[in-house]
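Engineer: Dropping a prediction and its sequence here:
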Amino acid sequence: MKSKADVVIIGGGVNGCSLAYKLSKKGLNVVVVENKYLTSGATGACGAGIRQQWSTRENASLAIQSVKMFEQLSRELGQDIEFRQGGYLIAVHDEKEMNQAEKNVSMQRSLGLKVDILQPEEITDVVPILNVKGMKAIGATFCPTDGHANPFKTTFAYADAARNLGAEINTHTTVVNLKTSKKAIRAVITNKGTIETDVVVNAAGIASKVIAEMVNIKLPLTPFRKEIMATERLQPLFEAMVISFKDGIYFSQQKEGQIVGGIPIPEEKGGYKTMPTIAFLEHMAYTLTRYSPVLKHVNLLRHWTGFYDVTPDARPILGAVKEIKGFLQCNGFSGHGFMISPMVSQLLTNMIAEGKTSEVFESLTLERFKGKNIEKELSVVG
Amino acid sequence: MKRSIVCRCEDISEEDVIQAIDEGYTDIEELRKKLRIGMGPCQGRVCIQLVARILENKTGKKVATIPRPTVRPPLIPVSLGTLASEKNEK
């Protein structure tokens, strides 16, 4: 392991690896430290969706710019990340939701996004296996350029590209402590040795809170266990991701043919418990077959758990903290870290390599929680 | 071309596994995510032992010390209709 680096990234998920790639491209000497294996945290457990239809302007604009980058990513990294744009269909169930949907759509359109409000009878034109009555929808919004990509392949492709540019990626390596002096980062101490550095990026998912506590920084992160399931492979049935904020359900058909989806567990509580529950399976199967009765004949193969690292406003924490120089945050993604990762790593790269910042970036620092008026992201599922 | 099938569900051969190990995927969970071994209907019953053995041959790590993927329920495929029926009756 290297004993010196320009930047040490803690966490080998999609954000850590894409940042490693982009910083290496700028000529920086980067070391990644991952406690388990690449994609072992939220990235590897995620639902693979890439959505631009958000309620806050920051999230929508981050996602729109990220999609532009996803479109080029397979070519740029030289590996197929299986990015496909089948759209996102968001079910709308009542007048109140419709009012919010209209507000969201007009904001999203002002950012140049193509998004439509669908009548109930148009829903099955997009996803033929749905039952509009069963899902109790009075309409939907649909953005055809939303989509999904393979989170494993994306992360591995970033990691390979980073290694080719000279980055060192250490898996099964645990951060034991962070060394500081004069309120600045000096080194990362791991179970396999010490790496001297002036810049540490905390991209450790739910463990980010623990890492920050090593230097007495409190991050407002709550781990929420989420469950998700995959069915057997089927012939291609539909291309869009279907989601509902009211029911919390989301599901899509992946490239290989399996349907992958999730829903909040009844009586969900924050915490680090990882066991999957039968309550989830029943609730998911019941809701999914309500949305699409034909799926009752389809076999479920497995389900697993992962964590959302949830912040009070459901938006990520990025960039510097006031207390410790060189200790940068890249966490708190609240369930949508994968889809905005291209832009997040770009913003952090601009800051680390060139000292550039932006309005969106500044609005996502830890400092925002010290003010009173934070705008909460409303469009969260799962 | 000769192909020895390791994973029947996802049609992955010994050669595919060896290639992935050579590319640096030396953890069963990483191999699983790279190649989809253990993600089909058998959920790894057939392939994981074989992959562990190939990993031993390639890396020298003993099979007994190679961590296995998490067992993810249910153990056998169950139809969504069966799972939903419990709730439909309530």
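Structural biologist: Sure thing, it's come through.

Engineer: next one: phi and psi at the spatially most central residue of chain B?
Structural biologist: Closest residue to the average C-alpha location of chain B: B:Gly38 at 2.2 Å, with CA atoms, centre = their mean. Taking degrees, to the nearest 10, you get phi 80, psi 10 for the backbone angles of B:Gly38.

Engineer: Please apply the same query to A:Gly270.
Structural biologist: Main-chain torsions, A:Gly270, degrees, to the nearest 10: phi -70, psi 160.

Engineer: Quick check, it in contact with A:Pro220.
Structural biologist: No: contact criterion CB atoms under 8 Å: A:Gly270 and A:Pro220 do not qualify, at 11.8 Å. All C-beta spots, glycine's among them, are computed from the backbone N, C-alpha and C.

Engineer: coming back round to it: for the closest residue to the residue nearest to the centre of chain B other than its chain neighbours, give its distance to A:Cys17.
Structural biologist: Setting aside the residues directly before and after it, B:Gly38 is nearest to B:Gly44 in space (CB to CB, 6 or more residues apart in numbering or on different chains), at 3.1 Å. Per CB to CB, to the nearest Å, B:Gly44 is found 25 Å from A:Cys17.

Engineer: Can you name every helix or strand that whichever strand or helix holds B:Leu31 contacts?
Structural biologist: Using DSSP states H and E, B:Leu31 sits within helix B:28-35. Applying 3 or more CB pairs under 8 Å, 6 or more residues apart in numbering or on different chains; DSSP states H and E, one finds that helix B:28-35 makes contact with helix A:151-164, helix B:14-22, helix B:47-59.

Engineer: Contacts for that helix, please.
Structural biologist: A:36-40, A:44, A:152-153, A:156, B:7, B:10, B:12, B:16-17, B:20-21, B:25, B:37-39, B:44, B:48, B:51-52, B:55, B:66-69 (CB atoms under 8 Å, 6 or more residues apart in numbering or on different chains).

Engineer: and the angle for it with helix A:151-164?
Structural biologist: Put simply, helix B:28-35 runs at 100 degrees to helix A:151-164, going by axes from the mean of the first three to the mean of the last three CA atoms, to 10 degrees.

Engineer: what pLDDT, on average, does helix B:28-35 get?
Structural biologist: Averaging pLDDT along helix B:28-35 yields 93.

Engineer: Give me the angle between it and helix B:14-22.
Structural biologist: Using the same axes, to 10 degrees: helix B:28-35 against helix B:14-22 is 120 degrees.

Engineer: so how far is helix B:28-35 from its chain's centroid?
Structural biologist: Computed by CA atoms, centre = their mean, to the nearest Å, the chain-centroid distance of helix B:28-35 equals 8 Å.

Engineer: got it, and stretch B:79-90?
Structural biologist: Centre-to-centre, stretch B:79-90 and its host chain are 29 Å apart (CA atoms, centre = their mean).

Engineer: now stretch A:83-98
Structural biologist: Distance, centroid of stretch A:83-98 to centroid of chain: 18 Å (CA atoms, centre = their mean).

Engineer: Check which helices and strands the helix or strand hosting A:Ser345 sits against.
Structural biologist: Element membership for A:Ser345, per DSSP H and E: helix A:341-354. Packed against helix A:341-354 by the contact rule (3+ CB pairs under 8 Å, 6+ apart) you find helix A:14-25, helix A:57-77, strand A:199-202, strand A:317-320, strand A:327-331, helix A:359-362.

Engineer: residue contacts, A:Tyr37?
Structural biologist: A:Tyr37 makes contact with A:Gly12, A:Thr171, A:His172, B:Asp27, B:Glu29, B:Glu30, according to CB under 8 Å, 6+ apart.

Engineer: Only the buried subset of those, as a ChimeraX command please.
Structural biologist: Restricted to buried positions by 16 or more other CB atoms under 10 Å in any protein chain shown, the ChimeraX selection for these reads:
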select /A:12,171 /B:27,29,30
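
Engineer: So which bits of the lowest-mean-pLDDT helix or strand in chain B are buried?
Structural biologist: Lowest by mean pLDDT, DSSP states H and E among the helices and strands of chain B is helix B:80-89, with a mean of 84. For helix B:80-89, burial by neighbour count (16+ other CB under 10 Å) applies to B:Leu80, B:Gly81, B:Leu83, B:Ala84, B:Lys87.

Engineer: so which helix or strand takes in the closest residue in space to the third one that isn't next to it in sequence?
Structural biologist: Take B:Leu83 and drop its neighbours on the chain: the residue closest to it by CB to CB, 6+ apart is A:Ala285, 3.5 Å away. Using DSSP H and E, A:Ala285 maps to helix A:278-291.

Engineer: Relative to the whole chain's centre, how far out is that helix?
Structural biologist: Its chain's C-alpha centre and that of helix A:278-291 lie 24 Å apart, by CA atoms, centre = their mean.

Engineer: Walk me through which strands the helix or strand that it is followed by pairs with, and which way each runs.
Structural biologist: Once the chain leaves helix A:278-291, the next helix or strand it forms, by DSSP H and E, is strand A:299-310. Looking at strand A:299-310 with DSSP bridges, its partner strands are strand A:222-233 (antiparallel), strand B:78-79 (antiparallel).

Engineer: Could you list every helix and strand in contact with the next helix or strand after the first one?
Structural biologist: Moving toward the C-terminus from strand A:222-233, the first helix or strand encountered (DSSP H and E) is strand A:241-244. Counting contacts by 3+ CB pairs under 8 Å, 6+ apart, strand A:241-244 is packed against strand A:88-92, strand A:250-253.

Engineer: Quick check: which of those strands is nearest to chain B?
Structural biologist: Closest approach to chain B among the helices and strands packed on strand A:241-244 is made by strand A:250-253 (10.9 Å; CB to the nearest CB).

Engineer: Check which helices and strands the closest one sits against.
Structural biologist: Short answer (3+ CB pairs under 8 Å, 6+ apart): strand A:250-253 packs on strand A:241-244, strand A:258-262.

Engineer: Give me the distance from the shortest one to the chain's centre.
Structural biologist: What it means is strand A:241-244. Distance, stretch centre to chain centre, for strand A:241-244: 16 Å (CA atoms, centre = their mean).

Engineer: What of the longest one?
Structural biologist: On the basis of CA atoms, centre = their mean, strand A:258-262 sits 16 Å off its chain's mean C-alpha point.

Engineer: where are the low-confidence patches of the stretch 251-382 of chain A?
Structural biologist: Along the stretch 251-382 of chain A, segments meeting pLDDT under 70 span A:372-373.

Engineer: Check the stretch 101-250 of chain A too.
Structural biologist: Short version for the stretch 101-250 of chain A, where the test is pLDDT under 70: none.

Engineer: hmm, back to that, out of the helices and strands packed on helix A:341-354, which gets nearest to chain B?
Structural biologist: Nearest of the helices and strands packed on helix A:341-354 to chain B, taken as CB to the nearest CB: helix A:14-25 at 12.2 Å.

Engineer: Please see if whichever helix or strand comes after the closest one touches chain B.
Structural biologist: Proceeding N to C from helix A:14-25, the next assigned helix or strand is strand A:30-33, under DSSP H and E. No: using CB under 8 Å from any CB of the partner chain, strand A:30-33 never reaches chain B; the gap is at least 13.4 Å.

Engineer: what residues does strand A:30-33 touch?
Structural biologist: A:1-2, A:5-12, A:16-17, A:20, A:23-24, A:159, A:162, A:166-170, A:173-175, A:188, A:190, A:195, A:197.

Engineer: can we see that at 7 Å?
Structural biologist: For strand A:30-33, contacts defined as CB atoms under 7 Å, 6 or more residues apart in numbering or on different chains pick out A:2, A:5-10, A:12, A:16-17, A:20, A:23-24, A:162, A:167-170, A:173, A:175, A:188, A:190, A:195.
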